[in-house]
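Peer 1: Build me a model from this:
(3 chains)
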Amino acid sequence: MNPIFALADCNNFYASCERVFAPALENQPIVVLSNNDGCVVARSNEAKTLGIPIGVPVFQVQNLIQTHQIRVYSSNYTLYGDMSRRVMETLCQFTPALEIYSIDEAFLDLTGCRGQDLAGYGRTIRNTVKKWTGIPVSIGIGRTKTLAKLANRLAKKSAKAAGVLDLTDSPHLPLALENTEIQDIWGVGPGFAKRLRQAGIQTALQLRDADDGWVRKHLGVVGLRTVYELRGMSCYGLELSPTDKKNIVVSKSFGRKIETLEELSEAVAAYAARAAEKLRRQNSAAAALTVFAMTDLFRKDQSRYFNSRTIELPTPTSDTGELIRYALEAARKIYRKNCLFKKAGVMLNALTSADHIQANLFDTIDRPRSRRLMDTLDRINASTAAALHYAAEGLAQPWKTRFQHRSAHYTTDWSQLPQVKTHTACLWHTGPSYDKITKLPINRRETEK
DNA sequence: TCTGGGGTCCTAGGACCC
DNA sequence: TCTGGGGTCCTAGGACCC
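Peer 2: Predicted structure coming up:
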């Protein structure tokens, strides 16, 4: 049976999350910044209209921001992660099979709705998500994931579609393909787009009708799959259970430049600890670890330096203390005096299942004890966020990533719940909950504003 | 002054083996 | 002058995604 896919994609997700908790910003321009408040990674429609490009370094649009009073937020991944969970749980109600594709996107299996009013169903989904979570989503429906993506893009752009577009067996499909430029197709990046344009292929319709042999030769099997998908032949099914990561990376720019080995070591230890947490979450162990560090590669006036060191571990491990020890050894090797380090990272490679570790004859570590220790550490940190750290991570962490415009953790921290102002007259009817409400800690940020 | 972070898959070529 | 062939594994680099 030919499948039917829907792609639900949250509109301007990060900006929309901020807006849910600051309703006064409805219709106001908003941007959300990357780590370290560096680049613009999300924009409300109003900010897009004002000409703020995606990915632009924020200092380059400082004028626009001031002129138009654009509200600026740092990334608040705790909030976005929790809002994402709510959206996904809502979407689950509408399909037997959901693939969470990214923090703000999910594919739904609508094969069972064949012959029904798919667009109407899409509108129901859209309205429900908005009502239950406050987040606006757009729905694109098609015979393949690529076509669902394409439909979604047009659903967002077209005023007539109003957020929902069904291109399944639609008479409008050829026109939709013609109106989509190649670089806007899922699976066509800048490299493929350049090659296609050189061959005179400009639109999705032209790519759909391109010669298979030519595509195979110039874009490989990946490109050919995209062409098949445009023709309505599904090459990518739903991936229902997330597969274990094959590599785990933690890397971040520093809030300020690092010069000493001590500070670099602190940062590398902290990144190794985060990587180890991710590793244990999928019950894996790493057999190799890479540390890299670099200066600011954008700066032409300072000496530039990049180095990395990989260490093969004698026995695969997921023990934070052990991984930190190896990471620090690598950090010492790549550290160089008189360099202003801007960024570092820890990569865990050659991952295997923690349940089937090949023991090493000369291993001196008590593995069962290490596992119990890590279990306890993870449990404590899960109940009280980041309660326990290794001393090597440092306490003050002056190099830590900056988030100067971060909103509160409205949905995940009791002390940061949004405050609702109301009249006593209204509370009269609420009975016993009155005390509960007034005793809730007041969000300091809100009262200071 | 200020420029993110974290992944996947595919392919070509070299090393190595029988 | 003649100098095998085929297979696997690994790695680096390039493409893509959010």
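
Peer 1: for residue A:105, what are its contacts?
Peer 2: Shown in contact with residue A:105 (CB atoms under 8 Å, 6 or more residues apart in numbering): A:7, A:8, A:9, A:10. No exception for glycine: its C-beta is placed from N, CA and C like everyone else's.

Peer 1: By proximity to DNA strand C, which residue of the stretch 201-350 of chain A wins?
Peer 2: Nearest residue of the stretch 201-350 of chain A to DNA strand C, counting by CB to the nearest atom of the strand: residue A:222, 7.0 Å away.

Peer 1: Quick one: residues contacting that residue.
Peer 2: Contacts of residue A:222 (CB under 8 Å, 6+ apart): residue A:187.

Peer 1: hang on, the earlier thing: out of the contacts of residue A:105, flag the one nearest to DNA strand C.
Peer 2: residue A:9 (7.6 Å).

Peer 1: can you confirm that closest one is in a strand?
Peer 2: Yes: counting by DSSP: H, G, I helix; E, B strand; the rest coil, residue A:9 is part of a strand.

Peer 1: And it, what's its pLDDT?
Peer 2: If you check residue A:9, the pLDDT there is 98.

Peer 1: hang on, the earlier thing: report the buried residues of the host helix or strand of the residue of the stretch 201-350 of chain A closest to DNA strand C.
Peer 2: In the assignment (DSSP states H and E), residue A:222 maps to helix A:212-230. Neighbour counts over helix A:212-230 (16 or more other CB atoms under 10 Å) mark A:215, A:219, A:223, A:224, A:225, A:226, A:227, A:228, A:229, A:230 as buried.

Peer 1: can the next helix-or-strand element following it be found next to DNA strand B?
Peer 2: Going down the chain from helix A:212-230, the next helix or strand is strand A:248-258, by DSSP H and E. Yes: Strand A:248-258 is in contact with DNA strand B by CB under 7 Å from any atom of the strand, via A:248, A:249, A:250, A:251, A:252, A:253.

Peer 1: try stretch A:404-416
Peer 2: No: if you take CB under 7 Å from any atom of the strand as the test, stretch A:404-416 misses DNA strand B, and the best it gets is 11.8 Å.

Peer 1: now stretch A:130-150
Peer 2: No: Stretch A:130-150 lies apart from DNA strand B when judged by CB under 7 Å from any atom of the strand; the minimum separation is 13.7 Å.

Peer 1: For residue A:315, which residues are in contact?
Peer 2: By CB under 8 Å, 6+ apart, the neighbours of residue A:315 are A:357, A:358, A:359, A:360, A:363, A:365.

Peer 1: mind checking the SS state of residue A:403?
Peer 2: coil.

Peer 1: Same list, the contacts of residue A:315, but only the ones touching DNA strand B.
Peer 2: Applying CB under 7 Å from any atom of the strand to the contacts of residue A:315, none is adjacent to DNA strand B.

Peer 1: Most neighbours among these, please name it.
Peer 2: residue A:357 (16 neighbours; other CB atoms under 10 Å).

Peer 1: and the gap between it and DNA strand C?
Peer 2: 17 Å (CB to the nearest atom of the strand, to the nearest Å).

Peer 1: Give me the neighbour count for residue A:201.
Peer 2: Neighbour number of residue A:201 under other CB under 10 Å is 21.

Peer 1: and residue A:113, backbone torsions?
Peer 2: Per-residue torsions, residue A:113: phi -100, psi 10 (degrees, to the nearest 10).

Peer 1: That one contacts residue A:121, correct?
Peer 2: Yes: Residue A:113 lies in contact with residue A:121 (CB atoms under 8 Å); the separation is 5.8 Å.

Peer 1: Quickly check: the longest helix along chain A near DNA strand B or not.
Peer 2: The longest helix of chain A (DSSP state H) is helix A:261-281. Yes: Helix A:261-281 is in contact with DNA strand B by CB under 7 Å from any atom of the strand, via residue A:278.

Peer 1: That helix packs against which elements?
Peer 2: Here helix A:261-281 touches strand A:248-258, strand A:284-295, helix A:320-334, strand A:341-353, helix A:367-383, going by 3 or more CB pairs under 8 Å, 6 or more residues apart in numbering; DSSP states H and E.

Peer 1: Between strand A:341-353 and it, find me the angle.
Peer 2: For helix A:261-281 against strand A:341-353, the angle between stretch directions is 30 degrees (axes from the mean of the first three to the mean of the last three CA atoms, to 10 degrees).
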